[in-house]
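Asker: coords please:
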Amino acid sequence: MKQSILKIVTLTLLSVSQWIPHSVANEKNIDDGTKGQEKIIFAGGCFWCMEPPFESLDGVKSVISGYAGGTIKNPAYKQVASGKIKHIEAVEVTFDPKKVDVKTLIDVFWKNINPMDDGGQFVDRGFQYSTAIFYFDDNQKKIAEASKLALEQSKVFPKPIVTPIRSFTTFYPAETYHQDYYKKNPLRYKYYRYGSGRDKFLDKYWGEDR
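Answerer: Below you'll find the model as predicted:
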C-alpha cells in the first residue's frame, strides 16, 4: 500500500501543519471568479501520479491534488487514506477551454488509469483510490459519457469500463506537501511510481499512444 511504505517515511519527514483549507470557490466551475476558465476533477488513484499528465498540457492553468466526493469537511490525508470516509484522492484541473477542450483532458485521463478496476488503482487498494470523473455541468457530463462509451466500443480493454461519471459535490485541497510532489521529491516519486505498476500497465495497453 502507498501509505504503508513510501508515504509513512514521507509523513515522518514532512510537517502535517502545511494543510490548505477548502475554498468555497471550488463549488462553482469558475476559477475564483476568473472568466474564461473552467474546472473538472479526475480521480485516478494516487494523486501524485495524476498531476504530471495534466500539468504538461498547454491551456491547463493549475492542477491541485485533493480529496473529492465525500461529506466530511476539511478531511486530512490520514482520514482519507484510512478508507473510513467517502472521499477519494483526486486532482482538480483548471483550464482555458479556448486552448484545451474537455474531451482532450478526458482522453488524457483514460490513458493514465486502469478503468477496469473498481477496487483501487494498481498497488493502492480501497475505495479511496478508485477512479471517477466529476463533472461541473451538463456539457462536461455529455462529453464524459460519450468518451466512456467510445472507449468501451474501442475494445482497448478486455473488461468493462467501471469508472463512474459523477456530479461534482465537494473538493478539498490536500496538504501542501502533496502538491507537486513529483517536483519536490523526484526520487521518492519515481521509486513509488515504478513500484506501483502503473507505467507497466499503461505501456501494455497504450504503448506509444500514451
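
Asker: next helix or strand past the helix or strand residue 194 falls within?
Answerer: Here residue 194, judged by DSSP states H and E, is contained in helix 186-196. Using DSSP H and E, the helix or strand that follows helix 186-196 towards the C-terminus is helix 198-206.

Asker: may I have the helix holding residue 194 exported as PDB, CA atoms only?
Answerer: Extracted in PDB, the C-alpha atoms of helix 186-196 (Å, rounded to 0.1, in the frame of the first residue of the first chain):
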ATOM      1  CA  PRO A 186      11.600  13.300  -7.600                       C
ATOM      2  CA  LEU A 187      13.500  10.300  -6.300                       C
ATOM      3  CA  ARG A 188      10.800   9.300  -3.900                       C
ATOM      4  CA  TYR A 189       8.100   9.800  -6.500                       C
ATOM      5  CA  LYS A 190      10.000   7.800  -9.100                       C
ATOM      6  CA  TYR A 191      10.600   5.000  -6.600                       C
ATOM      7  CA  TYR A 192       6.900   4.900  -5.700                       C
ATOM      8  CA  ARG A 193       5.700   5.100  -9.300                       C
ATOM      9  CA  TYR A 194       8.000   2.400 -10.600                       C
ATOM     10  CA  GLY A 195       6.900   0.100  -7.800                       C
ATOM     11  CA  SER A 196       3.200   0.800  -8.200                       C
END
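
Asker: chain center to it, what's the gap?
Answerer: How far helix 186-196 lies from its chain's middle: 17 Å, per C-alpha atoms, centre = their mean, to the nearest Å.

Asker: give the next helix or strand downstream of the helix of greatest length in the chain.
Answerer: Determined from DSSP state H, the single longest helix within the chain is helix 138-154. Going down the chain from helix 138-154, the next helix or strand is strand 165-167, by DSSP H and E.
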